[in-house]
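**Q** kindly generate the corresponding structure for this input.
(chains A, B and C)
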Amino acid sequence: MFLNVGPAHPATHGVIQIRTELDGEIVRKADVEIGYLHRAFEKHCEEATYTQCFPYSDRLNYVSPLISNFGFAAAVETLMDLQVPERCNYIRVILSEISRLTDHLTCIGASAMELGAFSVFLYMVKAREWLYELIESVTGARLTISYGRVGGVKADLPEGFEKECRAALKKTREVLKEVDELLTGNRIFYDRMRGVGVISASDAIAYGITGPFLRSTGEAYDVRKAFPYFVYDRFEFDVPVGEHGDNYSRYLVRMEEMQQAIRIIEQALDSLPEGPTNVDPEGEIIEPDLMSDLGKYGKTSGLLKNEVLIPPTLQGSEKRYHDRVAAPSKEAWLPPKEQVYSNIEALMNHFKIIMLGHGLRPPEGEVYFPVEGANGELGFYIVSDGTDRPWRVRCHPPCFPIMAALGSILEGDQMADIVPTFGSVNMIAGELDR
Amino acid sequence: MEIDFQGSLQTGFFTSRMDKMLGWARKYSIFQYPFVTACCGMEYMSTACSHYDIDRFGAGLPRFSPRQADVLFVVGTISQKLAPVLVQIYEQMCAPKWVVAFGVCTCTGGFYDNYATVTGIDHIVPVDIYIPGCPPRPETVLEGLMLLQKKMQNQKQEI
Amino acid sequence: MEANITLQKIQENFENDVIEVHSRFQQDTVVLASSSLLQVATFLKEDPELQYNYLMDLTAVDYWKRKPRFEVVYHFLSVANSFRLRLKVPVAEPEPKVDTLTSLWPGANWYEREVYDMFGIQFTGHPDLRRILLYPEFEGHPLRKDYPIKRRQPLIGPKH
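**A** Numbers count the residues shown, from 1 in each chain, chains lettered A, B, ... in the order given. Alright, predicted model coming up:
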């Protein structure tokens, strides 16, 4: 019998079609059809300037957009040979790990929901909501954040971030404990997951699978350990590996990875460097709109020595603008908006980077930069021809090889096993189809 | 006392009351079909879960069969490849039915203006409520939902 | 400087096929004639000192107006040695053609389908070369530089 699963099926988050050939309940052959969310990411990047690519890169993996943001930024920085400040690297690590948490929370929540554990889904989304609020306080948006910049990040962390972050992590840990008690020893969950969707380590490598999916088979490859980027080599964390390569192992690996992510964030918060600041500490603090008004009236003397507080989000959480999260190179870094409005140098700098025909101009060349995304190795391959637009941007999506292998994983399992196996892949259509 | 049904039908009193009553019933029992494709799905999840609790508006139960649903939530970018599927689902739904365009991709195509995407689902299915935003915050979604309820209440009801 | 072994070994063993070698940004790159792609890939995978067990990425670049026009780009990874290698194979018009790597890495199947879909490069020996991201009715190959970004070919509805 032939049976079509998808493209609009309740168990397929994101759109995908699995054409199955059934023998009774057993899947004899499964043909996976993708491409329903092809949005021409790579073509758009060729049309846009380097800075304009960031919003597109948010929407690759929309469950953990910060990782792809920083990955793209780091690729361009490698191309331009830029060094970003310490503090910026720490911020990138912290936010990447928060993103990894939201991604795994969504994945486990959704796949548990499909097995009937609806309350787990509610708990997980509850925890995700706290992390989203945290991300919002930093970036100003919940999901599509566009926070990465070539040579830095958009703005510094808000005041009181550390306290909020620790509180949210503490609550998230409690949720994880709760879910662990609900699921890990649960007979129904165990029987549906154990021994289902098995893949061997050699098969996984042959397909080019990375990330939690690979680690569940016992291979411990993790980009953060093998090719440390940002400042990952300074933190202590374990790379959890599974034994059986089945759905249950993948669940356990993801649960453990969340604990490790929390561990990394806490270490990074402990050692978050203050970094250099160009703001004169003796300058008084004034409102940013007053500062830009003064600049417009031409009263610029001594203006730059003032420290301003800007409310970048709707909630009004305040952060100081600083050069400590930006590379010193003026050819890459967008000056803060208050400076753009108040002095001519910053305005010209801004103009040179933003306006068409100017912009960032990395030298001719090509670069491949891998980061550890939530699903595995996320790589950006950028070819520059020396103009302000990339000649070619290629995103290596981590769930693409997994989906390529999905057909052969499903074969021999039962019809009902498609749902948990597909759930454990954590397919993100945005990065799969781009 | 005898009620003059015939007379009230002619004056329209009875039918307009009937419309109000049906509208009231329909707006608080929304069975939605979430056609989730992309990023907006994350905010849809947030809206549906306990934090924002869409159940307060009587829309808590998504039906994953278009035959049982009466509001089609189109959540996320619709590509040219997917467009025939969306139209088929819309046609499978029973009247009365409403369509909500969730997110800017479904409203106008957003910044995905290219060979692969449909620039606004109103090219292929009629839309009742547009919720802009990329993706819209859950609060925006709830406001859109309330506007839809208002529309359901005030429109002429098909029976 | 371990990674330089790879370049050295390739140059020693395939002297006549290597067009160019460089490692800008500490990323080893080999430009190779397309005829010997399969041999080099087999060598990379099976050489006990290199052990490139991963085909991490496979894509193509359209250098419009340059000759040869296309370049198929392979990224290999050796987990055991933490080596990475980029292999580039120039492919000329009018019938761009390259050998498939599906016999060595089954994962190459979908990557090659994607490159075929987006660039129209044929892979000889590929078991199932058809479109993957777009639909069969689509004409042309969108990531080629001469395909305008807004040329739509809708299956349904108006052409906007």
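
**Q** list the contacts of the nearest residue to A:Asn69 once chain neighbours are set aside.
**A** What sits nearest to A:Asn69 in space, not counting adjacent residues and going by Cβ to Cβ, 6 or more residues apart in numbering or on different chains, is A:Gly148, at 3.5 Å. For every residue, glycine as well, the C-beta is placed using N, CA and C. Taking Cβ atoms under 8 Å, 6 or more residues apart in numbering or on different chains, we find A:Gly148 in contact with A:54, A:57, A:66, A:69-70, A:72-73, A:92, A:154.

**Q** go with 10 Å
**A** If a contact means Cβ atoms under 10 Å, 6 or more residues apart in numbering or on different chains, then A:Gly148 has A:54, A:57-58, A:65-74, A:76, A:88, A:92, A:95, A:139, A:154 as its contacts.

**Q** so what's it scoring on pLDDT?
**A** Looking at A:Gly148, its pLDDT reads 85.

**Q** and the one 3 residues further on, by the same measure?
**A** The model reports A:Gly151 with a pLDDT of 81.

**Q** pretty sure C:Asn109 sits against C:Leu101.
**A** Yes. With contact defined as Cβ atoms under 10 Å, C:Asn109 and C:Leu101 form a contacting pair (9.1 Å).

**Q** what is in contact with the two at once?
**A** Joint contacts of C:Asn109 and C:Leu101 (Cβ under 10 Å, 6+ apart) are C:123, C:126.

**Q** and B:Ala38, how far from C:Pro106?
**A** Separation of B:Ala38 from C:Pro106 (Cβ to Cβ, to the nearest Å): 29 Å.

**Q** quick revisit: any idea how far the residue nearest to A:Asn69 lies from B:Thr47?
**A** 27 Å.

**Q** cool, C:Ile121 as well?
**A** Taking Cβ to Cβ as the measure, C:Ile121 and B:Thr47 are separated by 44 Å.

**Q** with A:Phe237 instead?
**A** 34 Å.

**Q** same drill for those two, tell me which one is more crowded.
**A** Using other Cβ atoms under 10 Å in any protein chain shown as the criterion, A:Phe237 and B:Thr47 rank with B:Thr47 on top: 25 against 18.

**Q** so what's the gap between the helix or strand containing A:Ala168 and the chain middle?
**A** Here A:Ala168, judged by DSSP states H and E, is contained in helix A:161-183. Distance of helix A:161-183 from its chain centroid, counting by Cα atoms, centre = their mean, to the nearest Å, is 19 Å.

**Q** helices and strands around it, which ones?
**A** helix A:86-114, helix A:118-139, helix A:187-193, helix A:247-270 (3 or more Cβ pairs under 10 Å, 6 or more residues apart in numbering or on different chains; DSSP states H and E).

**Q** let me have these in CSV, extended by distance to A:Met1 and mean pLDDT.
**A** What follows is the helices and strands packed on helix A:161-183, written out as CSV (distance: least, Cβ to Cβ, whole Å; pLDDT from 0 to 100):
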stretch, distance to A:Met1, mean pLDDT
helix A:86-114, 22, 90
helix A:118-139, 30, 89
helix A:187-193, 23, 89
helix A:247-270, 24, 91
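
**Q** pick the most deeply packed of those.
**A** Comparing those by mean neighbour count (mean count of other Cβ atoms under 10 Å in any protein chain shown), helix A:86-114 ranks first with a mean of 25.

**Q** that one close to chain B?
**A** Yes. Applying Cβ under 10 Å from any Cβ of the partner chain, one finds helix A:86-114 touching chain B at A:102, A:106, A:109-110, A:113.

**Q** ok, A:Leu169 touching A:Leu101?
**A** Yes. Shown here, A:Leu169 and A:Leu101 form a contact pair, counting by Cβ under 10 Å, at 8.4 Å.

**Q** which neighbours do those two have in common?
**A** Common neighbours of A:Leu169 and A:Leu101 are listed as A:127, A:130-131, A:134, A:261-262, A:265 (criterion: Cβ under 10 Å, 6+ apart).

**Q** who are the packing partners of the helix or strand in which A:Ile353 is found?
**A** A:Ile353 belongs to helix A:344-354 when assigned by DSSP H and E. Counting contacts by 3+ Cβ pairs under 10 Å, 6+ apart, helix A:344-354 packs against helix A:288-296, helix A:337-342.

**Q** centre of the chain to the shortest one, how far?
**A** To tie it back to what came earlier, the one meant is helix A:337-342. Counting by Cα atoms, centre = their mean, helix A:337-342 comes out at 30 Å from the chain centroid.

**Q** mean confidence score for it?
**A** Per-residue scores along helix A:337-342 average to 72.

**Q** strands of chain C, start to end?
**A** For chain C, applying DSSP state E gives strands covering C:18-22, C:29-32, C:54-62, C:70-78, C:83-91, C:97-99, C:122-124.

**Q** quick one: which of the ones you listed is nearest A:Arg254?
**A** strand C:54-62 (21.9 Å; Cβ to Cβ).

**Q** for the closest one, output the C-alpha coordinates as PDB.
**A** Extracted in PDB, the C-alpha atoms of strand C:54-62 (Å, rounded to 0.1, in the frame of the first residue of the first chain):
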ATOM      1  CA  TYR C  54      33.100  13.200   6.000                       C
ATOM      2  CA  LEU C  55      31.800  14.800   2.800                       C
ATOM      3  CA  MET C  56      30.600  17.900   4.700                       C
ATOM      4  CA  ASP C  57      29.300  20.100   2.000                       C
ATOM      5  CA  LEU C  58      28.900  20.000  -1.700                       C
ATOM      6  CA  THR C  59      27.900  23.100  -3.600                       C
ATOM      7  CA  ALA C  60      28.700  25.100  -6.700                       C
ATOM      8  CA  VAL C  61      29.500  28.600  -7.700                       C
ATOM      9  CA  ASP C  62      28.600  30.300 -10.900                       C
END
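
**Q** next, the angle strand C:70-78 makes with it.
**A** Calculated by axes from the mean of the first three to the mean of the last three Cα atoms, to 10 degrees, strand C:54-62 forms an angle of 160 degrees with strand C:70-78.

**Q** hmm, strand C:54-62 in reach of chain B?
**A** No. Strand C:54-62 does not reach chain B (Cβ under 10 Å from any Cβ); its nearest approach is 15.4 Å.
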